[in-house]
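Asker: Got a sequence here, can you build the structure:
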Amino acid sequence: MSLFTRSPQQSGTTGSGAEPDDATGAAGPDGGTAGVAPDGDTAAAESGGDAGTTGPDGDAGGAERDSDTAPAKPEGDAGTTGPDGDAGGAERDSDTAPAKPEGDAGTTGPDGDADTTEPNSSAASEDADDSTDAVESDDDIAPAGPDGGTNTAGPKGDVDTTDPNSSAPPASTDDHTDATGPDGGTAAAESDGNADTAESGGDTAPDGDTGTTGPDGHVDTTESDGGTAPVDADSRAAAATHTGHAPASREEGDDVGGQAAGAVEGTSDAGAKPGRFGWRRRCPRTARGVSVGTTVLAGALVAFALLLPNRIERIEFASFVRIPAEGVLLTGLLLALPPRPRRIVAVVSGVFLGLVTVLKFVDMGFYQVLARPFDLVLDWILIEHATDFLRETFGRTGQVLAVIGVIVLLVAVLVLTTLAVVRLTDLMVRHRPAAARTTLILGTAWITCMTLGVQIGTVPIATKGNAEFIGNRVEQVRAGLKDARVFEKQAAVDAFAKTPPDQLLTGLRGKDVLFTFIESYGRVAIDDPAMAKQTDAVLKEGTASLRAAGFDSRSGWLQSPVTGAGSWLAHSTFLSGLWIKNQQRYRSLTTSDRMTLTNYFRKTGAWRTVGIVPGVRRAWPEGKYFGLDHIYDSEHLGYHGPYFSWTPVPDQFSMEAFQRLEHGRKDRQPIMAEIILASSHNPWSPIARMIDWEDLGDGSVFHRIKKEGTNPTEVWKDPERVRTEYRRAIEYSIRSLTEWVERYGDEDTVLVFLGDHQPVPTVTAGDTGKDVPITIVARDKKVLDRVADWGWTDGLKPAPEAPRWGMDKFRDRFMTAYGPQG
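Answerer: This is a model prediction of the structure:
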């Protein structure tokens with residue numbers, strides 16, 4: 001057995017046993033092996049140090065504490081025997097670690113004198129990160145020198161002996177340490193401390209029998225318990241042939257684990273680190289499996305991030321079998337960079353990829369609610385509105401949990417994508433040739449597929465989706481920054497700014513004019529086959545009942561600037577005559593002197609302007625901009641009933657409050673009211689139902705009605721239930737209005753009601769249209785005659801072919817129709 005291998009068991013037999021603190025066995029009188037009893041038992045080695053002794057005839061004596069042959073210590077220098085047979089200890093402070101204090105390796109020359117190796121030439125304790133590889137010569141076993149050590153042939157044929165307790169010098173961090181074997185082969189040590197040694201073609205001594213040759217030429221055999229000693233669990237062996245197959249050292253500066261590559265077929269090992277608490281040493285197979293699994297997950301995460309669409313409906317199998325140009329280019333860049341810049345680029349790329357992934361998730365949410373992507377410049381204000389909606393719909397606990405979940409997801413995505421990119425970068429560097437070939441193949445495939453337009457279904461295999469995604473975002477930011485100047489120019493144009501007050505809205509003098517918004521009342525409620533039948537019945541019923549009360553109606557379509565949410569943007573577009581598509585424009589409008597429709601009513605002095613806004617639950621400073629003399633929010637309508645999810649006040653109660661607070665008062669002047677109903681606001685669960693107007697009271701009756709309603713959490717588990725509840729909410733709002741007109745309307749009542757925007761895509765089922773219905777109701781036929789040329793449809797339901805205008809066009813058309821020239 002080679003002296004660089006260990007026996008799996010410690011010899012426990014006793015003969016002429018060594019003293020507990022003595023590391024040197026004595027030579028027998030007949031020149032035999034010292035420490036061997038007459039019955040052939042091997043003397044037990046001292047527990048703290050390994051000592052070998054040689055008798056006068058050169059026989060090697062002394063048993064190592066773990067086996068019959070002394071194990072190699074990977075960091076110790078081998079002691080050598082000079083021409084006189086004395087063993088001189090190798091003393092190199094820079095190459096060898098200090099010896100264990102328990103015992104020094106002693107060698108005995110031919111004259112029986114024992115020379116002791118210096119402490120700093122003894123074998124050092126094995127480092128947890130190093131691996132030990134066995135050195136074997138051309139012969140079956142390494143010949144023993146006079147002192148019992150392993151012999152290596154010098155240039156003149158002299159025999160050098162290695163002390164049994166010493167091993168090859170440890171490898172330095174930057175250079176290979178070569179040991180010359182008997183045939184001139186070289187065993188190179190890996191730069192990370194793994195000791196790889198050359199095998200010159202000989203076989204390992206069978207069954208662990210190690211022959212040592214004394215000066216008289218006869219061979220003494222030391223037998224171990226387990227044949228060739230297995231590699232300790234703390235280290236893994238890799239052997240290399242001396243014929244030019246030295247292990248490749250890792251690239252200097254790379255932050256990757258070293259890997260010793262042997263030339264013996266099937267033998268290769270990476271210098272695995274022990275891991276926290278040394279678990280990798282205790283469970284090497286588990287550690288290997290975890291390492292492979294983590295790498296696979298890292299690759300899957302990076303591929304997922306690169307190929308993830310930013311819309312839920314585009315997530316399909318074909319989306320994740322594409323070749324991303326950005327991934328191919330980034331791989332090539334990382335392989336080309338030196339170690340330090342490569343690590344920096346890997347980290348920055350991982351963070352950036354994480355941010356892009358987060359933005360894609362945010363886009364998914366915006367498309368699901370607003371049917372548009374997130375605006376990096378203008379949409380930050382919506383975060384506050386979103387948290388308010390969560391609190392009012394699911395309570396304070398639901399809001400807090402949702403916010404915490406979003407924050408955790410954000411941090412997790414950023415951290416995991418960064419770690420994944422760094423890990424894959426290290427893997428590519430360790431396998432640079434294979435990584436370079438793969439990158440070249442993928443790059444060629446991408447060019448081929450892009451040129452030929454290869455697709456899986458409708459999805460192209462070659463994609464540059466991330467580049468386009470980022471480019472669109474850059475353009476969006478640029479457009480957002482320019483939009484302020486564009487809007488300022490548009491707002492400066494007002495066809496009625498110089499019109500005298502007495503010539504404004506002359507066709508409506510003496511009338512009570514109500515501009516009423518029904519939340520989320522979109523075209524889908526009328527046209528969608530799943531809802532059309534029920535909604536159509538409600539509209540026909542309303543038309544008939546109004547006609548019976550003496551009211552006529554006309555209906556058409558408007559295009560809203562938003563969908564899914566953003567009601568205040570639609571309201572301001574309708575009233576200002578400007579396209580208010582984002583929060584920046586809204587703020588610019590509400591801080592300007594642009595006149596709205598309500599401002600013009602107030603300017604005439606012929607109307608008292610009021611606002612019924614049950615959805616407002618806190619200060620609303622923008623209300624002053626809209627020219628309202630008085631605003632009734634949710635706290636000032638006299639309601640003492642429950643919230644219905646987001647909705648603070650049911651629509652029927654809001655209309656009754658308007659009657660009580662303003663319209664029903666005696667000796668009043670005409671009223672222009674802006675009424676914003678809220679019962680049809682997302683999530684449409686639970687929903688109030690119509691009750692007798694006399695039973696409304698202070699709203700306490702709605703506590704019982706709410707308990708009878710549905711649970712929004714349960715409703716939103718099923719899109720079909722969501723659509724059903726949406727339809728019911730719209731029907732409730734329409735009935736609240738039409739019944740109020742029948743009950744309280746008169747000759748001077750003019751009602752204009754419309755939807756503010758389409759509902760969320762869950763309801764529209766992918767319909768990207770932004771159309772909303774609009775209707776004018778009046779008893780005075782002269783009022784409707786003024787809009788006869790608009791081409792609107794008779795009744796509450798607009799025909800599919802009815803005119804469709806932008807919502808920003810209504811103000812000027814209305815002002816013109818009811819002005820002096822109307």
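
Asker: List the residue ranges of the stretch 701-822 of the chain that fall below the pLDDT cut-off.
Answerer: Of all residues in the stretch 701-822 of the chain, those with pLDDT under 70 make up the ranges 822.

Asker: now do 90
Answerer: The stretch 701-822 of the chain contains residues with pLDDT under 90 at 713, 761, 765-769, 820-822.

Asker: the helices in the stretch 451-600 of the chain, which residues?
Answerer: For the stretch 451-600 of the chain, the helices defined by DSSP state H, counting those that start in this stretch occupy 465-491, 524-527, 529-548, 567-576, 583-590, 597-604.

Asker: Reformat those helices as a markdown table; add mean neighbour count and distance to residue 409.
Answerer: For glycine as for every other residue, the C-beta is placed from the backbone atoms N, C-alpha and C. Shown next, in a markdown table, are the helices of the stretch 451-600 of the chain (neighbours: other Cβ atoms under 10 Å; distance: least, Cβ to Cβ, whole Å):
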| stretch | mean neighbour count | distance to residue 409 |
| --- | --- | --- |
| helix 465-491 | 14 | 19 |
| helix 524-527 | 25 | 31 |
| helix 529-548 | 16 | 33 |
| helix 567-576 | 24 | 28 |
| helix 583-590 | 20 | 25 |
| helix 597-604 | 21 | 43 |
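
Asker: Same list as before, these that is, but in TSV and with distance to residue 353 and mean pLDDT included.
Answerer: What follows is those, written out as TSV (distance: least, Cβ to Cβ, whole Å; pLDDT from 0 to 100):
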stretch	distance to residue 353	mean pLDDT
helix 465-491	8	91
helix 524-527	37	95
helix 529-548	41	96
helix 567-576	33	96
helix 583-590	29	92
helix 597-604	48	96
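
Asker: can you redo those helices as a markdown table with distance to residue 655?
Answerer: Output for the helices of the stretch 451-600 of the chain, formatted as a markdown table (distance: least, Cβ to Cβ, whole Å):
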| stretch | distance to residue 655 |
| --- | --- |
| helix 465-491 | 33 |
| helix 524-527 | 20 |
| helix 529-548 | 14 |
| helix 567-576 | 18 |
| helix 583-590 | 27 |
| helix 597-604 | 19 |
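
Asker: With respect to residue 304, which of the ones you listed lies nearest?
Answerer: Closest to residue 304 of those, according to Cβ to Cβ: helix 465-491, at 12.3 Å.

Asker: packing partners for the closest one?
Answerer: For helix 465-491, the elements it packs on are helix 325-336, helix 339-370, helix 583-590, judged by 3 or more Cβ pairs under 8 Å, 6 or more residues apart in numbering; DSSP states H and E.

Asker: Contacts for the last one, please.
Answerer: Contacts of helix 583-590 with the rest of the structure, by Cβ atoms under 8 Å, 6 or more residues apart in numbering, involve 377-379, 381-382, 480, 483-484, 487-488, 491, 568-569, 572, 576, 578-580, 622, 625.

Asker: can you check the first one too?
Answerer: With contact meaning Cβ under 8 Å, 6+ apart, helix 325-336 is reached by 302-303, 306, 342, 345-346, 349, 425, 428-429, 432, 435-436, 439, 442-443, 446, 462-464, 466-467.

Asker: Can you select the buried ones among the residues you listed for me in PyMOL?
Answerer: Written as a PyMOL command, the selection of buried residues from the contacts of helix 325-336, which uses 16 or more other Cβ atoms under 10 Å, is:
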select buried, resi 302+303+306+342+345+346+349+425+428+429+435+439+442+443+446+462+463+464+466
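
Asker: Out of the contacts of helix 325-336, which sit inside strands?
Answerer: 462-463 (DSSP state E).

Asker: ok, and the closest non-adjacent residue to residue 453?
Answerer: Excluding the flanking residues, the one nearest residue 453 by Cβ to Cβ, 6 or more residues apart in numbering is residue 460, at 6.9 Å.

Asker: and the one you found, what are its bridge partners?
Answerer: Beta-bridge partners of residue 460, counted by DSSP bridges, are residue 455.

Asker: quick one: pLDDT of it?
Answerer: Residue 460 is assigned a predicted lDDT (pLDDT) of 92.

Asker: Please report the distance of it from residue 364.
Answerer: For residue 460, the distance to residue 364 equals 21 Å [Cβ to Cβ, to the nearest Å].

Asker: Look at these two and report which has more neighbours.
Answerer: residue 364 (20 against 17; other Cβ atoms under 10 Å).

Asker: dump the residue contacts of the closest residue to the more buried one other than its chain neighbours.
Answerer: Leaving aside its chain neighbours, residue 364 sits nearest to residue 312 (5.2 Å; criterion: Cβ to Cβ, 6+ apart). Residues counted as contacts of residue 312 (Cβ under 8 Å, 6+ apart) are 364, 367-368.

Asker: mind giving me the domain split of this structure?
Answerer: Domain ranges of the chain: 1-250, 282-470, 499-817, per automatic domain parsing.

Asker: least reliable of the ones you listed going by mean pLDDT?
Answerer: For these, mean pLDDT drops lowest on domain 1-250, to a mean of 39.

Asker: number of nearby residues for residue 448?
Answerer: Residue 448, neighbours per other Cβ under 10 Å, totals 13.

Asker: sec struct for it, please.
Answerer: Following DSSP: H, G, I helix; E, B strand; the rest coil, the label given to residue 448 is helix.

Asker: could you list every residue that touches it?
Answerer: 454, 462.

Asker: Then residue 638?
Answerer: Contact analysis of residue 638 by Cβ under 8 Å, 6+ apart lists 657, 660-661, 698-699.

Asker: Mind doing that once more with 6 Å?
Answerer: Contact analysis of residue 638 by Cβ atoms under 6 Å, 6 or more residues apart in numbering lists residue 657.

Asker: Kindly report the same for residue 625.
Answerer: Here residue 625 is in contact with residue 590 (Cβ under 6 Å, 6+ apart).

Asker: separation between it and residue 704?
Answerer: As judged by Cβ to Cβ, residue 625 and residue 704 stand 40 Å apart.

Asker: and what of residue 788?
Answerer: Using Cβ to Cβ, we find residue 788 at a distance of 47 Å from residue 704.

Asker: Repeat that for residue 681.
Answerer: 21 Å.

Asker: what does residue 329 give?
Answerer: Residue 329 is 65 Å from residue 704, by Cβ to Cβ.

Asker: Over to residue 402?
Answerer: Counting by Cβ to Cβ, the gap from residue 402 to residue 704 is 30 Å.

Asker: of these two, who's got more company?
Answerer: Remark: of residue 402 and residue 704, residue 402 carries more neighbours, 15 against 10, as counted by other Cβ under 10 Å.

Asker: I'd guessed that one sits against residue 391; true?
Answerer: No. At 9.3 Å, residue 402 does not count as touching residue 391 under the criterion of Cβ atoms under 6 Å.

Asker: now for the helix ranked longest in the chain, which elements pack on it?
Answerer: Criterion DSSP state H: the longest helix present in the chain is helix 381-430. With contacts taken as 3 or more Cβ pairs under 6 Å, 6 or more residues apart in numbering; DSSP states H and E, helix 381-430 sits against helix 284-307, helix 339-370.

Asker: Repeat the analysis, applying 10 Å as the threshold.
Answerer: helix 284-307, helix 325-336, helix 339-370, helix 432-452, helix 583-590, helix 712-715 (3 or more Cβ pairs under 10 Å, 6 or more residues apart in numbering; DSSP states H and E).

Asker: Identify, out of these, the most deeply packed stretch.
Answerer: helix 583-590 (a mean of 20; mean count of other Cβ atoms under 10 Å).

Asker: so which of the helices of the stretch 451-600 of the chain gets nearest residue 511?
Answerer: helix 597-604 (10.6 Å).
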